[in-house]
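Student: Sharing a sequence plus its predicted fold:
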Amino acid sequence: MQFDTSNISKALNMTPIGVVELGDMGKNVGHWGGAGELHNFYGRKHTDESKALMSVAKKGKKLPASHVENNAKARIGLKNALGSKHSAEAREKAGAPHRGKSKSPEQIAKMSAARKAWWAAKKAGAM
């Protein structure tokens, strides 16, 4: 059995690669014809115009709740930086600009009022 890729949609900016033998793909047969080098878009790139069209088509669309839940479950345990520490030099460099500064009473009062307003709104259910 052969799959002819000469009539691929122009909207996806894909160019034909010829005829692919389905038997050569083994277990890696996907819905676009294979994985890796067997995939018909292998080694190609979308143009900026195609990327813009795909971006516009996707904007404003929300994922179904089941997808959101599945994505959240997939992220559980992803703690790539867990256990790594910044060097003493990096910690010093990051903290130095903030040392020795004190907030004025007006600044403290302003931050306090903003924090109280935020909590009041949260308790009222506005958030």
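Tutor: It's in. Just so it is clear, the model here is predicted, and its values are computed rather than measured. Residues are numbered from 1 along each chain as shown.
Student: Give me the contacts around the strand or helix carrying residue 123.
Tutor: Remark: residue 123 resides in helix 105-124, with elements defined by DSSP states H and E. The contact list for helix 105-124 (C-beta atoms under 8 Å, 6 or more residues apart in numbering) reads 103, 127. C-betas here are computed from N, CA, C, even on glycine.
Student: any idea how far residue 75 lies from residue 69?
Tutor: 11 Å (C-beta to C-beta, to the nearest Å).
Student: Off-centre distance for the helix holding residue 123?
Tutor: Remark: helix 105-124 is offset 33 Å from the chain centroid, using C-alpha atoms, centre = their mean, to the nearest Å.
Student: so where do the helices sit in this structure?
Tutor: 48-58, 65-75, 88-95, 105-124 (DSSP state H).
Student: Distance to residue 34 and mean pLDDT for those helices - can I get that in a markdown table?
Tutor: Output for the helices of the chain, formatted as a markdown table (distance: least, C-beta to C-beta, whole Å; pLDDT from 0 to 100):
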| stretch | distance to residue 34 | mean pLDDT |
| --- | --- | --- |
| helix 48-58 | 21 | 93 |
| helix 65-75 | 25 | 89 |
| helix 88-95 | 45 | 94 |
| helix 105-124 | 52 | 95 |
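Student: Serialize these to a markdown table and add fields for distance to residue 81.
Tutor: Shown next, in a markdown table, are those (distance: least, C-beta to C-beta, whole Å):
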| stretch | distance to residue 81 |
| --- | --- |
| helix 48-58 | 30 |
| helix 65-75 | 14 |
| helix 88-95 | 13 |
| helix 105-124 | 29 |
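Student: would you list those helices in CSV and tack on mean neighbour count and distance to residue 35?
Tutor: Formatted as CSV, these follow (neighbours: other C-beta atoms under 10 Å; distance: least, C-beta to C-beta, whole Å):
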stretch, mean neighbour count, distance to residue 35
helix 48-58, 11, 21
helix 65-75, 10, 20
helix 88-95, 10, 41
helix 105-124, 10, 48
